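[1] Let's see this in three dimensions:
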Amino acid sequence: MDASLTRQLSRLADQISTIVVGKRPQIEDCIACLLAAGHLLIEDVPGVGKTTLAHALSVSLGLDFRRVQFTADLMPSDLIGVSVFERATDSFVFHPGPVFTQVLLADEINRASPKTQSALLEAMEEKQVTIEGQTRPLPLPFFVIATQNPHDQLGTYALPESQLDRFHMRISLGYPDRAAERELLRGADRREMLDDLPAMLTPRELLELQQLVQQVHAAEPLLNYLQDLLAATRSGRWFLQGLSPRAGIAIMRAARAQAFLSGRDYVAPDDIAAILPQTAAHRLIPVSDAGRGAVEQVRAMLDTVPLP
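    As a prediction, the model looks like this:
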């Protein structure tokens, strides 16, 4: 594998780390998610840098992006567009919505009604939208980077399972450590710093990198290991319902991206272990007597499945 590509991706993570301080593992997870051509969900309390991270990713990847603040009164047409009758031409003219972009930042997605949340489903899965019987393709590459607040906050709606399954990864930033917070308190405004960020990649280069990621080799023993993990989630011992084949494909793509970021042309079991909690936990509900959250339950299950 070309070492210059690994260095380029490392510089990309370095640049984003100047904006979102002290969160290098989460930044690398975000890059792996986008290299795997997946959509990203960032869940955490307000004020820890979710929107700033999404903005920094978009700018650093050189992609066009739109930000939509999801609210309770946001309608599907506000998102995907609407046809308006124009007297001058005596016909309906389509006015595209903010979804017609390369990166859609869906801010506080769980504050919108389920009807509006569901309007994103076709865009996320098919990279197209159907409006008034006409299918319109979206620009490529197309990503949804969504942020959401925890469900117990006022004015939030839980995302439907069908939409959660479309998100490749869910990450949480958490509070910064003391040194990172001191740097934030002492330094410049991170939102102003975003304006000066150079693009580290072009959209075409990103599409080429995504193609290279899909060529990363996965050996038969590794596929057996992944299938053992999928079977463990379906056994009824750990979770109410197991992972779907779509989730298995997402885990494999994320593991390939993780290996690619590490400079390897093959997937190792450590790659699957590194990305499994972020890729699987939001699709799973632990059994009632688990006594721990989905992420911790995935890690506990991981420890019981033998390595290949």
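[2] Tell me how far the helix or strand where Arg182 lies lies from the chain's centre.
    Here Arg182 sits within helix 178-186, counting by DSSP states H and E. Using CA atoms, centre = their mean, to the nearest Å, the distance from the centre of helix 178-186 to the centre of the chain it belongs to is 26 Å.
[3] after it comes which helix or strand?
    Past helix 178-186, heading to the C-terminal end, the next element that is a helix or strand (DSSP H and E) is helix 190-194.
[4] And the next helix or strand past that following helix?
    Scanning forward in sequence from helix 190-194, with DSSP H and E defining helices and strands, the next element found is helix 203-214.
[5] and the following helix or strand past that next one, what does it pack onto?
    Downstream of helix 203-214, the next assigned helix or strand under DSSP H and E is helix 220-233. In terms of contacts (3 or more CB pairs under 8 Å, 6 or more residues apart in numbering; DSSP states H and E), helix 220-233 is packed against helix 245-261, helix 269-280, helix 294-304. For the C-beta atoms, the positions are set from N, CA and C on the backbone; glycine is no exception.
[6] contacts for the first one?
    Under the contact criterion CB atoms under 8 Å, 6 or more residues apart in numbering, helix 245-261 has outside partners 1, 6, 9, 28, 31-33, 35-38, 165, 168-169, 209, 212-214, 216, 218, 226-227, 229-230, 243, 265-268, 271-272, 274-276, 278-280, 283.
[7] Out of those residues, which end up buried?
    When burial is judged by neighbour count using 16 or more other CB atoms under 10 Å, the buried members of those are 9, 28, 31-33, 35-38, 165, 168-169, 209, 212-213, 216, 218, 226, 229-230, 243, 267-268, 271-272, 274-276, 278-280, 283.
[8] Could you dump the helices and strands packed on helix 220-233 into TSV and include mean pLDDT and distance to Phe70?
    TSV is the format used below for the helices and strands packed on helix 220-233 (pLDDT from 0 to 100; distance: least, CB to CB, whole Å):
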stretch	mean pLDDT	distance to Phe70
helix 245-261	93	23
helix 269-280	93	22
helix 294-304	90	23
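[9] picking up where we left off before, what mean pLDDT does the helix holding Arg182 get?
    The average pLDDT for helix 178-186 rounds to 85.
[10] Counting by contacts, list what it packs against.
    Using 3+ CB pairs under 8 Å, 6+ apart, helix 178-186 sits against no helix or strand.
[11] Now that helix: buried residues?
    Residues of helix 178-186 classed as buried by neighbour count (16+ other CB under 10 Å): Leu184.
[12] neighbouring contacts of the worst-scoring helix or strand of the chain on mean pLDDT?
    Every helix and strand of the chain was ranked by mean pLDDT, DSSP states H and E. The lowest is helix 190-194, at a mean of 77. For helix 190-194, the surrounding residues in contact (CB under 8 Å, 6+ apart) are Thr18, Ile19, Val20, Gly49, Thr52, His55, Ala56, Val59, Leu184.
[13] wait, isn't Leu53 in contact with Arg24?
    No: no contact is recorded between Leu53 and Arg24 when judged using CB atoms under 8 Å, the distance being 11.8 Å.
[14] Of those two, which one has the most company?
    Regarding Leu53 and Arg24, a neighbour count based on other CB atoms under 10 Å identifies Leu53 as having more, with 25 against 13.
[15] pretty sure the more buried one belongs to a strand, no?
    No: counting by DSSP: H, G, I helix; E, B strand; the rest coil, Leu53 is located in no strand; its state is helix.
[16] wait, what's in contact with it?
    If a contact means CB under 8 Å, 6+ apart, then Leu53 has Ile16, Ile19, Val20, Lys23, Gln26, Ile27, Cys30, Ile42, Leu173 as its contacts.
[17] let's see 6 Å
    For Leu53, the contacting residues are Val20, by CB atoms under 6 Å, 6 or more residues apart in numbering.
[18] Any figure for the gap between it and Ala13?
    Note on Leu53: its distance to Ala13, by CB to CB, to the nearest Å, is 12 Å.
[19] Also Ser58?
    For Ser58, the distance to Ala13 - CB to CB - is 15 Å.
[20] between the two, which one's more packed in?
    Ser58 (25 against 17).
[21] Please pull up the helix or strand immediately following the helix or strand hosting that one.
    Remark: Ser58 resides in helix 50-60, with elements defined by DSSP H and E. Next along the chain after helix 50-60, taking DSSP H and E as the criterion, comes strand 65-69.
[22] quick one: average pLDDT of that following strand?
    Mean pLDDT, taken over the full extent of strand 65-69, equals 88.
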